[in-house]
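Trainee: coords please:
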Amino acid sequence: MRTLTLFFLLGCAVIVPSAAGAADSKAGVCSPETAGEFHCVFRSLLPSVGIVASCRTERDCRVGYYYGAPADAVWFTPPSGMTTLPRPEVRWLTATFAQVRFDCGGPCTVSYFFEARRRRLSAPRSFVLAVDHRRLLLAAADGPALTIRQLYSYREVLRIERDWAPGAWLGDAVSSIQFDPDGRLSLTWLRGADRVPVSERLSVPSVPRR
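Mentor: Sure thing, here's the model as predicted:
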């Protein structure tokens, strides 16, 4: 699993892989605005394309993607129950494919996925634990199960149920999780009240099984 370093630039969190990481990530360029506001741009490797965040406070941001000028951004629609977005964590999984992640309190996280070449933006996805950017799949905590879904259609391709260790949410029982280059899912989880570590490597289909 890659080592990640977290930097905070004027209120914007940017996840940057270590030198050993395979995926590339561009650090956000941030600047203060009036009355404590701040503005951050997270560029892809395509010219004049990226993610922009314009924030009044740490919990009151507009976030979107742009083609050309950041001022002409297409703003994300906040998830149901939210009127604004908190500051984003932007991670470029490839040179042109970004995960834009938000901490919405407690164990709650929401991620949007942006594919720059096709100008394609996903709906908000909750509790994402791992992403397969090659096959456009995600692994997410889904109540008592871990589900693998197609990133854009959100159709379920695999459901994983285990004797998870008790916790506030399923993520508390998952020690590590990642999609390997061959498409399999490597997972270490804690079993039962004794929290015994169990490691698995699972085959994952690309499409829903009939």
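
Trainee: enumerate every residue touching the closest residue in space to residue 75 that isn't next to it in sequence.
Mentor: Nearest residue to residue 75 in three dimensions, chain neighbours excluded: residue 64, at 3.9 Å (Cβ to Cβ, 6 or more residues apart in numbering). To be clear about C-beta, it is placed using only N, CA and C from the backbone, and glycine gets the same treatment. Counting by Cβ atoms under 8 Å, 6 or more residues apart in numbering, residue 64 touches 51-52, 73-76.

Trainee: the same query, at a cut-off of 10 Å, please.
Mentor: 51-54, 70, 72-77, 85, 100, 112, 114, 121 (Cβ atoms under 10 Å, 6 or more residues apart in numbering).

Trainee: check residue 41 too.
Mentor: Per Cβ under 10 Å, 6+ apart, neighbours of residue 41: 12, 26, 28-31, 50-54, 66, 70, 73, 90.

Trainee: repeat that with 6 Å
Mentor: 29, 52, 70 (Cβ atoms under 6 Å, 6 or more residues apart in numbering).

Trainee: turn those into CSV, columns for distance to residue 193, secondary structure and neighbour count.
Mentor: Listed next are these as CSV, based on distance: Cβ to Cβ, whole Å; DSSP: H, G, I helix; E, B strand; the rest coil; neighbours: other Cβ atoms under 10 Å:
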residue, distance to residue 193, secondary structure, neighbour count
29, 48, strand, 16
52, 46, strand, 24
70, 50, helix, 21
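
Trainee: roughly how far does the closest residue to residue 44 other than its chain neighbours sit from residue 169?
Mentor: Computed as Cβ to Cβ, 6+ apart, the closest residue to residue 44 that is not its neighbour in sequence is residue 116, at 4.6 Å. Here the distance between residue 116 and residue 169 works out to 32 Å (Cβ to Cβ, to the nearest Å).

Trainee: out of the two, which sits in the more crowded spot?
Mentor: residue 116 (21 against 15; other Cβ atoms under 10 Å).

Trainee: please tell me how far that one sits from residue 194.
Mentor: 46 Å.

Trainee: repeat that for residue 61.
Mentor: For residue 61, the distance to residue 194 - Cβ to Cβ - is 42 Å.
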